[in-house]
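Colleague: Sharing a sequence plus its predicted fold:
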Amino acid sequence: MVESKLEKHFWWCFLALVVITGVWIYRDHVNATRENNFANFYTTIFENNAISPEELKQIQDYVDNNSGVLKQLAAVKLSKSKIDANELQAGFDILQNAIGGDAIVDDLIRLRLARLANELNKTDDALKILAEVKHDNFKGQVLDLIGDTYALAKNNDKAVENYNAALEVVAEEFKKQIEFKRNSLLSTEGVPSLNLGEVKAEQAEAAATEDVATDSAK
């Protein structure tokens, strides 16, 4: 009798374990399928600058209901659509809410956020954002952006200081642009003369480079 009860208890426990394992496997399968489907969808739209309203809705839904790297990449794309529509603050807010996933993608988003903060004339916010970039590989970009931020804030001494620091660590191909910005400030003896149009053009080029970096983060 005792053995019968123990056997029955064993089989109930075994059945419960089978059910729980099945549910777990099924959930993982559903999540993996959803992630894979969105990855394919994202790969398609990433190279397509003209995103339809339906695609934007899909991206927004994914950002609202998911987490992880794919959510961050989706947020970057969604933010770009807002920025392209001249909704800079909306684009800024989307990027800010996307931080909190992959550490590298977080830092890439912070670099873009800082550039956007400068476009919104929020130089204090830009400096705070740049102070949170953690990865050493972005040190040169951070120093360059800090220089841009101080230049926009008309603090030439700090701008030149950070441009000089950036020149110590950036790759050779980026030095000419930084030297031009630094020399533009030095040649005016304290009078701000940095061409904001050229800075924005450079920022757009850097943002395009970040698009490639975030794409590779997938």
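Modeller: Great, that's in hand. Numbering: from 1, shown residues only.

Colleague: my read: Glu179 touches Ala166, true?
Modeller: No: with contact defined as CB atoms under 8 Å, Glu179 and Ala166 do not form a contacting pair (9.9 Å). (Glycine included, C-beta is placed from N, CA and C.)

Colleague: Next one: Ala98 relative to Asp144, how far apart?
Modeller: Here Ala98 is placed at a distance of 23 Å from Asp144 (CB to CB, to the nearest Å).

Colleague: Revised request: answer the last question for Glu173.
Modeller: According to CB to CB, Glu173 stands 13 Å off from Asp144.

Colleague: Find residues that contact each of those two.
Modeller: Overlap of the contact sets of Glu173 and Asp144 (by CB atoms under 8 Å, 6 or more residues apart in numbering) is empty.

Colleague: Which of those two has more residues huddled nearby?
Modeller: Asp144 (26 against 7; other CB atoms under 10 Å).

Colleague: Which positions within the helix or strand in which the more buried one is found qualify as buried?
Modeller: Counting by DSSP states H and E, the element that carries Asp144 is helix 139-152. Going by neighbour count (16 or more other CB atoms under 10 Å), the buried part of helix 139-152 is 140-152.

Colleague: Output the residues you listed as CSV; include the columns pLDDT and distance to Asn118.
Modeller: Below are the buried residues of helix 139-152 laid out as CSV (pLDDT from 0 to 100; distance: CB to CB, whole Å):
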residue, pLDDT, distance to Asn118
Gly140, 94, 17
Gln141, 95, 13
Val142, 96, 13
Leu143, 96, 15
Asp144, 96, 12
Leu145, 97, 8
Ile146, 97, 11
Gly147, 97, 11
Asp148, 96, 6
Thr149, 97, 6
Tyr150, 97, 10
Ala151, 95, 9
Leu152, 95, 6
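
Colleague: with those in mind, which one is nearest to Ala103?
Modeller: Among these, Val142 lies closest to Ala103 (CB to CB), at 14.8 Å.

Colleague: In this structure that closest one contacts Val133, no?
Modeller: Yes: between Val142 and Val133 there is a contact under CB under 8 Å: 5.1 Å.

Colleague: Which neighbours do those two have in common?
Modeller: Residues within reach of Val142 and of Val133 at once, by CB under 8 Å, 6+ apart, are Leu111.

Colleague: Low-confidence ranges, this structure, go.
Modeller: Residue ranges of the chain with pLDDT under 70: 1-51, 188-218.

Colleague: quick one: contacts for Ile94?
Modeller: With contacts taken as CB under 8 Å, 6+ apart, Ile94 has the following neighbours: 63, 75, 78-79, 82.

Colleague: Just among those residues, which is most surrounded?
Modeller: For those, counting by other CB under 10 Å, the largest number of neighbours falls to Ser79: 26 neighbours.

Colleague: State the distance from that residue to Tyr163.
Modeller: Applying CB to CB, the value for Ser79 to Tyr163 is 27 Å.

Colleague: Please, where are all the strands along this structure?
Modeller: Using DSSP state E, no strands are found in the chain.

Colleague: hmm, back to that, higher neighbour count, Glu179 and Ala166?
Modeller: Counted by other CB under 10 Å, Glu179 and Ala166 do not tie: Ala166 has more neighbours, with 25 against 14.
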